[in-house]
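sharing a model prediction with you, sequence too.
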Amino acid sequence: MHIRDCRLIPAGLVSVLCLLVAAGCTSSDAPAPSADTPGEAPLAEAPPAAEGGAPPLVVTELFVDVEAEPDEGSPPLSVQFTAIVEDNTGAVECEWDFGDGSPKKKGTSPMHVYSTVEDYEIIVRCRDEAGVEGEGEIDVFVEEE
């Protein structure tokens, strides 16, 4: 995507679009907002760019994908869980709620055994060393075969 004339974009979007597409336009390329434009608050300045590059991205939430192997079967069902965390800024700590009332467990790849026939919703909450958090969930089905 390439923006050729930033003056065609509403002033409130120019800074955001310039950051996203790195088209080289600046807020000075955009028309000044008129006094009668309601609801447009000025945007905060972007963080300074790294030398020769785009401004650093600010991560506000981790994306957590959860895998369970197997995710269904008869009891006792041993399940290997894995949390795949994206956008983290360093070490990650995860805490698992296995949905069966058992104590929560920490780690990115815990094993858990289900002994009762039921459908379980498993939730994992992760946090990186910068304090950014995210969560993921998966269902496990324990049934008689």
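Everything's here; your move. Numbers count the residues shown, from 1 in each chain.

what residue spans form the domains of this structure?
1-58, 63-142 (automatic domain parsing).

which one of the ones you listed has the lowest average pLDDT?
For the domains of the chain, mean pLDDT drops lowest on domain 1-58, to a mean of 48.

next up, the contacts around residue 73.
141, 142, 143, 145 (C-beta atoms under 8 Å, 6 or more residues apart in numbering). Glycine gets a C-beta too; all of them are placed from N, C-alpha and C.

show the end-to-end separation of stretch 85-101, please.
25 Å (C-alpha to C-alpha, to the nearest Å).

so which bits of that stretch are buried?
Within stretch 85-101, the residues scored as buried using 16 or more other C-beta atoms under 10 Å are 85, 88, 92, 94, 95, 96, 97, 98, 99, 100.

equivalent analysis for stretch 129-142, please.
132, 134, 135, 136, 138, 140, 142.

residues making contact with that stretch?
59-68, 71-75, 77, 79, 81, 83, 85, 87-92, 99, 114, 116-127.

please repeat the previous calculation with a cut-off of 6 Å.
59, 61-62, 64-66, 68, 71-72, 75, 77, 79, 89-91, 114, 117-127 (C-beta atoms under 6 Å, 6 or more residues apart in numbering).

put the buried members of those residues into a PyMOL selection.
Filtering the contacts of stretch 129-142 down to the buried ones (16+ other C-beta under 10 Å) takes a single PyMOL command:
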select buried, resi 62+64+66+68+71+77+79+114+120+122+123+124+125+126+127
